[in-house]
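Asks: Sharing a model prediction with you, sequence too.
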Amino acid sequence: MEPSDEELVARVLDGSGDDYAVLVRRYERIIYNLMYRFTANEMESADLTQEIFIRSYSNLNRLKKRNKYFSWLYSIAMNRGRDWSKQKNMTLQKEAELATSSAACLSSAGLSQPENTLQEKQDSLLLEKALMSLSPKKREPLILRYRYEYSIREVAEIFSMSESSVKMSIKRSLDQLNTILKKYLSA
Amino acid sequence: MNDKFGYIKTGLKDLPEKDPPYDITGAVMANISPHRVQTKRKFYFDFKNILFDLYHNRFATIAAGTICTLLAFFGGYALHAVMPHHKVPKIAGTADANFQIGKEYYFAGMGQEALHFFTEASKQSPENPVYPFWRGLVYWSEGEIAKERESYRQSIINSNNYLPALLNLANSYLNQGDFNQALPLYNRVIELEPQEEQALYNRALSYRLAGYEKQEQAALKKFLELHRTGKRAEKAVQRLHTLGNREFRSYPIGGQQVILNQSVLLGETGSPVLDEIQIVTKALHEPVPVKIHVVVFSPGNLELGREKARSLQESLNLIIPTNMKHSVTSSWFDRPESQTGNRPDKIDESLLLFTTPTTYL
């Protein structure tokens, strides 16, 4: 049986550094994909993921509840992603100001009927685009909840929110996604 | 109850994931020291135990207090004698070494320390354009715009062709809306490096800010001639459409959006057309065979529409590798393609290109 996060953290803290590799392997994919949603760049996401795991290792002794390793790791990653975006936005501030949403981008392309039909078969592509138009604060709880099937309580812990706030936030984000997707399909 | 978000939830569940490009676990493990956490933890628990003892034992408290006072008194003298300049960071002997140390500090988010080493590197090698450029980056990350620009200027004085400094100085001006200063710098970057993506795109943004619509269109088209992928390319196409120019369009080819120049595909022959078709074939790299639909709208001239559609079909058949088993169909209409958008189309003739999986048909 696979050791739990709690067991692995305890072993690492007791000096078995190699057990950390199991934790990295367990979560590298989810953290890498989270970083990719921030950066849209493979190498940058891989470097950030590496940095996050190194940071988590260095601060592992500060983790109070050992069974909550993933929540803690995810918060570190979210903060790093936000910092990265902030730095990036400083250079591209003007570009962002002048840009419009990807929804508008698709609608102004003047898609005609055969393309629309085709797009119905490309739901996941559209969904990805729609997701990327949400802010990370709205997008990530949705992905954790439905892509990785974390419970409302776990999502609430990661984002330091109450369970009812998470439920409300998820409901609103679904509403927003629904509107965006309808716009895409009717364009 | 019918869940109106059911299709989104299902979509989220099947959301594709990306594979990390290299062995992250290996890279992380190579960068960590297995004893670091343990040592920190040991110190933390030892310290906690000492505090516990002090709290519960009056004699221990007095003894610890006396030891600390003696250590502070004599230890201070000893430290001062051994390391009189301890607070000043050591400077390396060569400019390059200082530069490397500065970069380490910069990436660790320690701006002031980085600045110290970059400045030393500049003193040791005053003609080098790289060191003042990195000083500019530190100032940028700390929001000191005037000093940031001054550093880039110094870098350009040292080498007037130093592209990173020219580009960052231009970006700094553009961020403040100063297109008059930004434009000549972007032009200089493009002169030195004609394919520089950011400079090409931001030059168009500068024209937009200046209100020069014609120049903006020309700059966007120049950008799209060289760059067809990424967010900037999507925005460039969108902006051209808003300006009423539909020369470039985004087409759904093989599960992705591909930007093509429809004016070239409909109006020219020879290598420009083949270059556009090459972009289509690159998008069809997956082994699943698809059917490519070529639809030409040629208002009032059915024969011309047929001729162009057939010609494109032939070119596609010629270029697409036969082992990929894609097929191409063509159709043509003597009416304009219906368009959405606020502006009337300037191009009556238009091309629609899309693919469908062969299995669906």
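Replies: Structure received. Numbers count the residues shown, from 1 in each chain, chains lettered A, B, ... in the order given.

Asks: Let me see the ranges of the helices in chain A.
Replies: Per DSSP state H, chain A carries helices over the ranges A:5-13, A:20-39, A:42-58, A:69-98, A:102-108, A:113-120, A:123-132, A:136-142, A:152-158, A:163-186.

Asks: In terms of secondary structure, what does the third one contact?
Replies: For helix A:42-58, the elements it packs on are helix A:20-39, helix A:69-98, helix B:24-31, helix B:36-56, judged by 3 or more CB pairs under 8 Å, 6 or more residues apart in numbering or on different chains; DSSP states H and E. (Each C-beta comes from the backbone N, C-alpha and C, glycine too.)

Asks: Out of those helices, name the one with the poorest average pLDDT.
Replies: With a mean of 47, helix B:36-56 has the lowest mean pLDDT of the helices and strands packed on helix A:42-58.

Asks: the helices in the stretch 101-250 of chain B, which residues?
Replies: B:111-124, B:130-141, B:145-158, B:163-175, B:179-192, B:197-210, B:213-226, B:231-242 (DSSP state H, counting those that start in this stretch).

Asks: Buried residues in the first one, which are they?
Replies: Residues of helix B:111-124 classed as buried by neighbour count (16 or more other CB atoms under 10 Å in any protein chain shown): B:111, B:113-122, B:124.

Asks: show me where pLDDT drops low in chain A?
Replies: Residues of chain A meeting the criterion pLDDT under 70: A:1, A:66-67, A:89-124, A:187.

Asks: Which residue does it have closest to chain B?
Replies: A:G17 (2.5 Å; CB to the nearest CB).

Asks: So which of the buried residues of helix B:111-124 is the closest to chain A?
Replies: The closest of the buried residues of helix B:111-124, once distances to chain A are taken by CB to the nearest CB, is B:G111, at 12.2 Å.

Asks: list the contacts for that closest one?
Replies: Shown in contact with B:G111 (CB atoms under 8 Å, 6 or more residues apart in numbering or on different chains): B:105, B:138, B:141-142.

Asks: between these, which is nearest chain A?
Replies: Closest approach between the contacts of B:G111 and chain A, by CB to the nearest CB: B:S141, at 7.0 Å.

Asks: burial measure for that closest one, as a count.
Replies: 15 (other CB atoms under 10 Å in any protein chain shown).

Asks: and the residue nearest the centre of chain A, how far is that from B:Y162?
Replies: Residue closest to the average C-alpha location in chain A (CA atoms, centre = their mean): A:L34, at 3.7 Å. Between A:L34 and B:Y162 the distance is 36 Å, computed by CB to CB, to the nearest Å.

Asks: what's the answer for A:L23, then?
Replies: 44 Å.

Asks: higher neighbour count, these two?
Replies: Neighbour comparison, A:L23 and B:Y162: the larger count goes to A:L23, with 24 against 19 (by other CB under 10 Å).

Asks: Surely the residue nearest to the centre of chain A and A:P141 touch.
Replies: No - counting by CB atoms under 8 Å, A:L34 does not reach A:P141; the two are 12.0 Å apart.

Asks: What residues does the stretch 201-350 of chain B have near chain A?
Replies: Neighbours of chain A within the stretch 201-350 of chain B, by CB under 8 Å from any CB of the partner chain: B:201-202, B:205, B:208-209, B:231-232, B:234-235, B:237-238, B:241-242, B:246, B:249-252, B:255-256, B:293, B:295, B:337-341.

Asks: From the residues you listed, list just the buried residues.
Replies: Using 16+ other CB under 10 Å, the buried ones in those are B:201-202, B:205, B:208-209, B:232, B:234-235, B:237-238, B:241, B:246, B:249-252, B:255, B:293, B:295, B:337, B:339.

Asks: For B:L15, which three-state class applies?
Replies: coil (DSSP: H, G, I helix; E, B strand; the rest coil).

Asks: still on that earlier bit, want to try a markdown table for the buried residues of helix B:111-124, with pLDDT as columns?
Replies: Below are the buried residues of helix B:111-124 laid out as a markdown table (pLDDT from 0 to 100):
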| residue | pLDDT |
| --- | --- |
| B:G111 | 87 |
| B:E113 | 89 |
| B:A114 | 91 |
| B:L115 | 93 |
| B:H116 | 93 |
| B:F117 | 92 |
| B:F118 | 94 |
| B:T119 | 95 |
| B:E120 | 93 |
| B:A121 | 94 |
| B:S122 | 95 |
| B:Q124 | 93 |
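
Asks: between these, which is nearest A:M168?
Replies: B:G111 (39.6 Å; CB to CB).

Asks: Distance of the closest one relative to B:Q238?
Replies: 37 Å.

Asks: which regions of the stretch 201-350 of chain B lie under the pLDDT threshold?
Replies: B:268-270, B:286-287, B:323-324, B:338-347.

Asks: can you give me the strands in it?
Replies: With DSSP state E, counting those that start in this stretch as the criterion, the stretch 201-350 of chain B has strands at B:248-253, B:256-261, B:290-297, B:327-333, B:350-357.

Asks: Out of the ones you listed, the one nearest B:E303 is which?
Replies: strand B:327-333 (9.0 Å).

Asks: right, is stretch B:147-160 up against chain A?
Replies: No - counting by CB under 8 Å from any CB, chain A has no neighbours in stretch B:147-160; the shortest distance is 10.6 Å.

Asks: Only C-alpha atoms, please: export that stretch in CSV.
Replies: The C-alpha coordinates for stretch B:147-160 follow below in CSV (Å, rounded to 0.1, in the frame of the first residue of the first chain):
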residue,chain,number,x,y,z
LYS,B,147,16.7,54.6,-12.4
GLU,B,148,15.6,51.6,-14.6
ARG,B,149,15.7,53.7,-17.7
GLU,B,150,19.0,55.4,-16.8
SER,B,151,20.5,51.9,-16.4
TYR,B,152,19.3,50.8,-19.8
ARG,B,153,20.5,54.0,-21.4
GLN,B,154,23.9,53.4,-19.9
SER,B,155,23.9,49.9,-21.4
ILE,B,156,23.0,51.4,-24.8
ILE,B,157,25.8,54.0,-24.4
ASN,B,158,28.2,51.1,-23.8
SER,B,159,26.9,49.2,-26.9
ASN,B,160,24.3,50.9,-29.1
